[in-house]
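A structural model of the following input is requested.
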Amino acid sequence: MGLFDGLFRRAKSMAEKAPPVPAGPPPEEAPLTVRAANLQGIGDREAQEDSFAVVNAADPAERDSRGLFALVADGMGGMEDGKQASEWAADFFLQLFRERDRSEDLPGWFYRSVHAVSDSVFHQFGGRSGTTLAAVHLLGDQLHWLSVGDSAIFLCREGGVFQLNREHTCLNRLYLQELEQPVIDKARAEGDEDARRLTSFVGIDRLTEVDLTLRPLTVKRGDAVLLCSDGISGVLTPPELLEAMTLDPEEGCALLERMVLEKAVPGQDNYTGILIAWR
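Numbers count the residues shown, from 1 in each chain. Sure thing, here's the model as predicted:
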């Protein structure tokens, strides 16, 4: 027993004299990591008309140099060649991103590029097709976004979900008309048969409505951004979006899809989403 007592005492003594292990940086000072995932489904439609792209999400060197670029384009089902229009817009925008002069300010590049993409879609399809478009560019902790149409961009921050962009539909005009009525009725505006009709889209003959940031949004640890077609934004509630956006992107996208399918909305539209999180 004396031998074992000696060994235990010696081990304890050595542990007491061992130098402390250097601690890593506090969580609030550790570098931000960026993770991204996506989901896409056909819903109850006959064909998939959404397109999406994510560039440099898994390449830290390129992300630090050129930035992360992501977009969702929802081809318009009521027009011809919706899928071709969304693919054309996505491919052309990606080409412009790769050719971008990095000395050009982001809002200026975004605005010029989306007009070039819209003109290209208009001429390629003769004005017979179009697509919505929502896009983000992240460099460091600076996020710029742009949207045309009714695809949505959501920010999850500190326990809340906020839609960053304004949708280009007749509903906004109907809301303004309600303000002029003796009795304001929000439900009356939302129930109008033209409420969801687009007032702007990529491929229109003259693009005038574009929503974009003039100054970047600084992302914080714990933030998440979701770009999605209205097959998600028009189906899920803010609490449901919040539940998914607080998870890691892969789990969050799986939950978003499960919730959309569980809703079993008659005539469920195509749904596409890209979830980007800062941890």
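
contacts and neighbour counts: CA atoms only from here.
Will do.

for this protein, give me the ranges with low pLDDT.
Per-residue confidence for the chain (pLDDT under 70) gives these ranges: 1-30, 78-79, 178, 189, 194-195.

the residue most central in space within it bridge partners, please.
Nearest to the geometric centre of the chain sits Leu227, at 2.0 Å (Cα atoms, centre = their mean). The bridge-partner assignment for Leu227, based on DSSP bridges, gives Ile153, Ile274.

residues in contact with it?
Contacts of Leu227 were listed using Cα atoms under 8 Å, 6 or more residues apart in numbering, and they are 71-72, 134-135, 151-154, 273-275.

same check on Thr272?
For Thr272, the contact set (Cα under 8 Å, 6+ apart) comprises 38-41, 50-52, 72, 228-229, 231-232.

quick check: the residue nearest to the centre of the chain vs Ile184, distance?
Leu227 sits 32 Å away from Ile184 when distances are taken as Cα to Cα, to the nearest Å.

and for Ala254?
39 Å.

list the contacts of stretch 228-247.
Contact partners of stretch 228-247, identified using Cα under 8 Å, 6+ apart, comprise 50, 72-74, 134, 150-153, 156, 159-161, 222, 224-226, 251-253, 255-256, 259-260, 263, 265, 268-275.

can I have the buried ones of the residues you listed as a PyMOL selection?
Only the buried entries of the contacts of stretch 228-247 go into this PyMOL selection, using 16 or more other Cα atoms under 10 Å:
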select buried, resi 50+72+73+74+134+150+151+152+153+156+161+222+224+225+226+252+253+255+256+259+260+268+269+270+271+272+273+274+275
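
list the ones among the contacts of stretch 228-247 that fall in strands.
Restricting the contacts of stretch 228-247 to those inside strands, with DSSP state E as the criterion, leaves 50, 72-74, 134, 152-153, 156, 160-161, 224-226, 271-275.

mind listing what's buried in the lengthiest helix in the chain?
In the chain, with assignment by DSSP state H, the single longest helix is helix 106-125. Of all the residues in helix 106-125, those buried under the rule 16+ other Cα under 10 Å are 106-107, 109-111, 113-122, 125.

give me every residue that touches the nearest residue to Gln163 once chain neighbours are set aside.
Excluding its sequence neighbours, the residue lying closest to Gln163 (Cα to Cα, 6 or more residues apart in numbering) is Phe154, at 4.3 Å. Residues in contact with Phe154, defined by Cα under 8 Å, 6+ apart, are 161-165, 225-227.

the same query, at a cut-off of 7 Å, please.
With contacts defined as Cα atoms under 7 Å, 6 or more residues apart in numbering, the neighbours of Phe154 are 161-164, 225-227.

who touches stretch 62-72?
When contacts are defined by Cα under 7 Å, 6+ apart, stretch 62-72 is touched by residues 51-57, 133-140, 227-229.

how about the strands in this protein?
Going by DSSP E, the chain shows strands at 34-41, 50-55, 68-74, 133-139, 142-148, 152-157, 160-163, 211-212, 217-218, 224-228, 271-278.

off-centre distance for the fifth one?
Using Cα atoms, centre = their mean, to the nearest Å, the distance from the centre of strand 142-148 to the centre of the chain it belongs to is 9 Å.

before we move on, what about the third one?
Here strand 68-74 is found 7 Å from its chain centre; the criterion is Cα atoms, centre = their mean.

what angle do that strand and strand 152-157 make?
Using axes from the mean of the first three to the mean of the last three Cα atoms, to 10 degrees, the interaxial angle of strand 68-74 with respect to strand 152-157 works out to 130 degrees.

let me know the angle separating strand 68-74 from strand 224-228.
Angle, strand 68-74 to strand 224-228, by the same axes, to 10 degrees: 30 degrees.

returning to that earlier point: in a markdown table: the strands of the chain, plus distance to Ala90.
A markdown table is the format used below for these (distance: least, Cα to Cα, whole Å):
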| stretch | distance to Ala90 |
| --- | --- |
| strand 34-41 | 15 |
| strand 50-55 | 7 |
| strand 68-74 | 7 |
| strand 133-139 | 8 |
| strand 142-148 | 13 |
| strand 152-157 | 16 |
| strand 160-163 | 22 |
| strand 211-212 | 17 |
| strand 217-218 | 23 |
| strand 224-228 | 14 |
| strand 271-278 | 14 |
